[in-house]
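**Student:** After the sequence you'll find the predicted model.
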Amino acid sequence: MKQGMTHCNLGKALILSVSMLLSYHVMAEGKGLAYVSNQDGGVEVIDLETLEFKNSVDIGAKGPRGIGITSNGKWLVTANKDDSNISVVDTSGATPPKFVVVGKNPEFVRIKGDRAFITYEPSSKSGPPKTGPAVTKEDDDDDKIPGHIAIVDLAKGKVVMDIVGKPETEGLEFTKDGKKLVVANESDNSLTVHDLKTGKLLKTISVAEYGNRPRGIKTSPDGKLYAVTLEIANKLLILNDKFEVVKEIPTGMFPYGLSFDRAGKRIFVAANKAKLLQVFDAKTFEKIKDIPTGDRCWHFSFTPDDQQLLLACGKSNEIIVVDTNALEVTKRIADKDTPWGIVTYPKSMGSIDNP
């Protein structure tokens with residue numbers, strides 16, 4: 001009897017989940033939507049059918065950086081630097097935004113299931129990294145203050161775990177089996193691997209011998225490789241699934257956002273100061289093409305059909321559209337509020353998100 005009731009409840013849950021997914025897919029009719037976080041504004045929505053701005057999303061805050069969306073499209077999450085919190089936004093507009101305080105300088109957002117993972121950096125100061133004689137002892141001490149990863153239960157609307165990382169936590173990635181979290185620690189020149197259930201530190205991988213400031217990190221679709229950008233070293237680092245370095249690849253100046261394509265055949269890297277989107281073969285690691293972009297292009301997303309890529313360029317105030325087959329810029333969409341990050345619904349590959 002108990003077994004029958006369990007199957008019945010499971011069936012109801014599945015029906016409910018499917019109906020929710022269908023309802024949100026209706027919202028994202030056509031080719032879907034792209035959500036753009038703007039450091040000097042809020043969140044703007046691009047209709048991927050027309051590649052034009054459609055409307056704004058009320059996040060109840062200004063200056064969002066990190067951005068993520070749940071797999072059913074219901075909740076949009078933004079990291080709001082000036083308010084030390086995140087906005088949890090009902091994309092249907094049925095309820096007002098909710099806020100969860102996470103910590104000072106929240107930046108990167110990843111969503112897995114009904115949980116949001118947010119890096120925040122108590123030591124972070126705006127501006128480029130300090131070098132040379134102008135560096136003070138205070139600056140040096142700041143570089144030793146640990147960054148954190150706050151884990152927020154979106155259903156409960158509260159922080160349920162806080163993982164202490166290394167100085168200046170940046171990019172986040174999940175292992176293929178979904179059991180571990182991998183963090184790029186910018187000031188520490190390291191990657192750390194944490195147990196997703198307990199937050200326990202399992203492994204630290206120093207990348208200092210290869211270069212400075214690891215920022216972006218992404219795993220290949222098959223989970224066998226990790227790609228990491230070393231910003232100051234102008235380098236892309238490839239590691240195997242045991243976190244052993246297998247390849248160093250030179251890039252343009254200041255690489256940050258990166259992603260494999262869905263087939264795992266190519267790696268796309270946004271080289272910020274080189275003003276390039278660089279494309280590499282994911283097997284041979286040879287460069288395929290340099291695509292000229294704009295100023296301070298950090299993050300990007302493929303469209304759900306994988307035919308185009310949208311790149312947020314904060315200092316030239318535009319979203320650049322790239323044809324992923326021809327590897328050419330096909331459109332520039334003006335965005336005056338300093339775009340930072342971009343994700344799509346339905347979810348797709350990108351420097352911030354994965355399907």
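**Tutor:** Perfect, thanks for sending it. Numbers count the residues shown, from 1 in each chain.

**Student:** Buried residues in stretch 92-104, which are they?
**Tutor:** Neighbour counts using 16 or more other Cβ atoms under 10 Å place 97-100, 102-103 of stretch 92-104 among the buried residues. Yep, even glycine has a C-beta here, placed from its N, CA and C like the rest.

**Student:** swap in stretch 332-345?
**Tutor:** If you call a residue buried by 16+ other Cβ under 10 Å, then stretch 332-345 has these buried ones: 333, 335, 337-345.

**Student:** Out of those residues, flag the one nearest to residue 190.
**Tutor:** Residue 190 lies nearest to residue 341 out of the buried residues of stretch 332-345, by Cβ to Cβ, at 23.4 Å.

**Student:** How far away from the center of its chain is the strand or helix carrying that closest one?
**Tutor:** Assigning secondary structure by DSSP states H and E places residue 341 in strand 339-345. Mean-position distance between strand 339-345 and its chain equals 9 Å (Cα atoms, centre = their mean, to the nearest Å).

**Student:** for the stretch 1-150 of the chain, which spans come out with low pLDDT?
**Tutor:** 1-29, 124-143 (pLDDT under 70).

**Student:** now the helices for the stretch 1-150 of the chain?
**Tutor:** For the stretch 1-150 of the chain, the helices defined by DSSP state H, counting those that start in this stretch cover 2-27, 137-142.

**Student:** Using CSV, list the CA coordinates for the host helix or strand of residue 267.
**Tutor:** Residue 267 is located in strand 266-271, with elements delineated by DSSP H and E. What follows is strand 266-271, C-alpha atoms only, in CSV (Å, rounded to 0.1, in the frame of the first residue of the first chain):
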residue,chain,number,x,y,z
ARG,A,266,35.2,24.2,-29.8
ILE,A,267,36.2,26.5,-26.9
PHE,A,268,35.2,30.2,-27.1
VAL,A,269,37.2,32.7,-25.0
ALA,A,270,36.4,36.4,-24.5
ALA,A,271,39.8,38.2,-24.5
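
**Student:** for it, the distance to its chain's centre please.
**Tutor:** Chain-centre distance of strand 266-271: 14 Å, with Cα atoms, centre = their mean.

**Student:** Tell me the strands beside the next helix or strand after it, with direction?
**Tutor:** Of the helices and strands lying after strand 266-271 in sequence (DSSP H and E), the nearest is strand 276-281. Using DSSP bridges, the strands paired with strand 276-281 in its sheet are strand 266-271 (antiparallel), strand 287-292 (antiparallel).

**Student:** Mean pLDDT and mean neighbour count added to the ones you listed, as CSV?
**Tutor:** CSV is the format used below for these (pLDDT from 0 to 100; neighbours: other Cβ atoms under 10 Å):
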stretch, mean pLDDT, mean neighbour count
strand 266-271, 98, 25
strand 287-292, 98, 15
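
**Student:** Output those in TSV; the columns should cover distance to residue 247.
**Tutor:** Shown next, in TSV, are those (distance: least, Cβ to Cβ, whole Å):
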stretch	distance to residue 247
strand 266-271	11
strand 287-292	13
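
**Student:** Show me what the strand ranked longest in the chain is packed up against.
**Tutor:** Scanning the chain for the longest strand, with DSSP state E as the assignment, gives strand 158-167. Counting contacts by 3 or more Cβ pairs under 8 Å, 6 or more residues apart in numbering; DSSP states H and E, strand 158-167 is packed against strand 98-101, strand 146-153, strand 180-185, strand 190-195.
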